[in-house]
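> Provided below are the primary sequence and the corresponding predicted coordinates.
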Amino acid sequence: MGSNLVVKKLKESIEVKSKILSDKELIKKIENSAELIVRALKNGKKVIFCGNGGSAADAQHLAAELMGKFYFNRPPLPAFSLTVNTSVLTAIGNDFGYEKVFVRQLQGISEKGDVIVGISTSGNSKNVIEAFKYAKNIGMNVIAFTGKNGGKMKDYADVLINVPSEDTPRIQESHITIGHIICGIVESAIFNEVIK
């Protein structure tokens, strides 16, 4: 029975990625996201990630790939996640409300031309939406990673990466796969290295 469940879940994960693979519009959106980030970085701007729970882990993970290294050793790229400073998160959450934990940080560090990548499987995370509203208002570039329907985040996104699934674990697996692909394209484009 256990092995049946393993096979079932692996098949479900593969099916979601197969749907992405056959969706030319979604593939183009992934390319557009990478191009948008490359353009911002070449203009001296930064990439800021945010999300909650597993999406917070993805936000930190992807920021680390750009700030540290991905495929090869090279200078760091200005990228970070708004989810990592527990003192800031708890202070803002306590004093202003949890829906303000990302937007308050953006108000302190972001500028026109920066990129924000918000990650939410439902697309309805209030704190990510608040950050998106502010980002749009000051002229940041907004990329949304969501599940199938895009939720409310789609209304604020310049690029919507809506994974064709309603199953949170399968969506998150695809988010990190797509994020890795984008990191590879960005690293290759900035440093003129060919992806293997």
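Nice, thanks for sending it over.
> which secondary structure element contains the most centrally placed residue in the chain?
Centroid-nearest residue in the chain, with Cα atoms, centre = their mean: Val117, separated by 4.1 Å. Using DSSP states H and E, Val117 maps to strand 115-119.
> For the lowest-mean-pLDDT helix or strand in the chain, buried residues please.
Every helix and strand in the chain was compared by mean pLDDT, DSSP states H and E; the lowest is helix 2-21, with a mean of 95. For helix 2-21, the neighbour count (16 or more other Cβ atoms under 10 Å) marks 13, 16-17, 20 as buried. Where C-beta positions appear, they are placed from N, C-alpha and C, glycine not excepted.
> ok, then the element right after it?
Helix 2-21 is succeeded, C-terminally, by helix 24-42 (DSSP H and E).
> now that following helix: mean pLDDT?
The average pLDDT within helix 24-42 is 98.
> which residues are contacting it?
The contact list for helix 24-42 (Cβ atoms under 8 Å, 6 or more residues apart in numbering) reads 20-21, 46-47, 77-78, 113-115, 117, 141, 143, 158-162, 164, 178, 181-182, 185-186, 189-190.
> re the thing from before, Ser55 is in contact with the residue nearest to the centre of the chain, correct?
No: between Val117 and Ser55 there is no contact under Cβ atoms under 8 Å: 10.3 Å.
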